[in-house]
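Peer 1: Here's a sequence, model it:
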Amino acid sequence: MKSVIVDDELLVAQNLQMLLNRYCPEVEVAAIVHSADDAEKVIKDIDPDLVFLDVEMPHGNGFDLLKKFNQIRFGLIFVTAFDHYAVRAIKYSAIDYLLKPIDIDELVSAVNKAEMQLKSKSINQSLNILLHNMAQPATKLQKLSLPTIDGMIFININDILYCRSDGNYTTFYLENGQSPLITRQIGVYEELLPEPLFCRIHRQYIINVNKVTRYVKGRGGHVVMSDGKMIDVSARKKDDFLSAYELI
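Peer 2: Predicted structure coming up:
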């Protein structure tokens with residue numbers, strides 16, 4: 001895969017190139033650029049398969065650069081030293097990112113995911129979700145990209161009824177009756193889905209508290225969801241659920 005590295009820090013960019021040469025031989029670094037303005041021209045000239053993009057640079061950030069392209073045909077991996085709201089928005093779009101200093105295993109995994117995303121031709125939709133969410137306050141992220149075995153699906157978080165753990169996978173149950181199998185563990189979505197709207201009530205379930213129609217008391221009790229599904233609340237999660245329910 002022909003790639004471009006966009007990072008204002010020369011040593012970081014050179015280190016990334018060295019790691020790619022050593023651990024990702026399928027990636028050819030065609031250019032390294034150090035500003036968003038230079039990157040726009042180089043990307044249009046080279047037409048790369050993959051771009052490693054620094055989130056924050058002195059003269060324009062990575063998101064500003066992306067807005068300059070009418071259509072994105074390249075895979076994208078963000079590189080950032082900042083683990084904050086921007087990273088949360090990136091996670092919502094299921095576009096991969098690397099935190100500095102770069103971990104080798106995470107780099108290899110990110111390259112593999114980018115290659116799969118290119119094959120599924122879902123990069124434009126993922127970027128649309130990313131740019132939409134970047135325009136929202138951190139508490140109002142609304143759109144979510146979900147990786148499946150076949151590619152990606154794109155949903156509004158308000159359409160989620162509940163999520164069920166299936167080992168290394170997670171099944172999402174949606175208001176339209178669909179139940180896609182997602183190729184990430186439920187712990188990813190426990191961190192990602194906003195509280196108090198979403199609550200982990202059991203080791204196997206996260207629920208959308210707005211979709212609860214009834215709570216039945218007990219040691220932990222159980223909830224009845226809007227589709228009629230009954231889900232146990234574990235005793236140790238009962239207080240968390242009741243607190244979330246009072247806030248919604």
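
Peer 1: and the residue nearest the centre of the chain, backbone torsions?
Peer 2: Ranked by distance to the mean C-alpha position of the chain (Cα atoms, centre = their mean), the top residue is residue 91 at 2.3 Å. Backbone torsions of residue 91, given as degrees, to the nearest 10, read phi -60, psi -40.

Peer 1: And the contacts of the longest helix along the chain?
Peer 2: Longest helix in the chain by number of residues (criterion: DSSP state H): helix 104-120. The contact list for helix 104-120 (Cβ atoms under 8 Å, 6 or more residues apart in numbering) reads 1, 16, 19-20, 23-24, 26-27, 49-50, 74-77, 95-99, 123, 126, 147, 150-152. Quick note: C-beta positions are derived from backbone N, CA and C, even for glycine.

Peer 1: ditto for stretch 202-209
Peer 2: Stretch 202-209 is contacted from outside by 158, 160-165, 186, 189-190, 193, 196-201, 223, 225, 231-234, 237, 241, 244-245, 248, using Cβ under 8 Å, 6+ apart.

Peer 1: mind listing what the closest residue to residue 80 other than its chain neighbours touches?
Peer 2: Once flanking residues are discounted, residue 80 sits nearest to residue 55: 3.9 Å by Cβ to Cβ, 6 or more residues apart in numbering. By Cβ under 8 Å, 6+ apart, the residues touching residue 55 are 61-63, 78-80, 82, 86, 97.

Peer 1: now residue 95
Peer 2: 76-78, 117, 123, 126-127, 130, 145.
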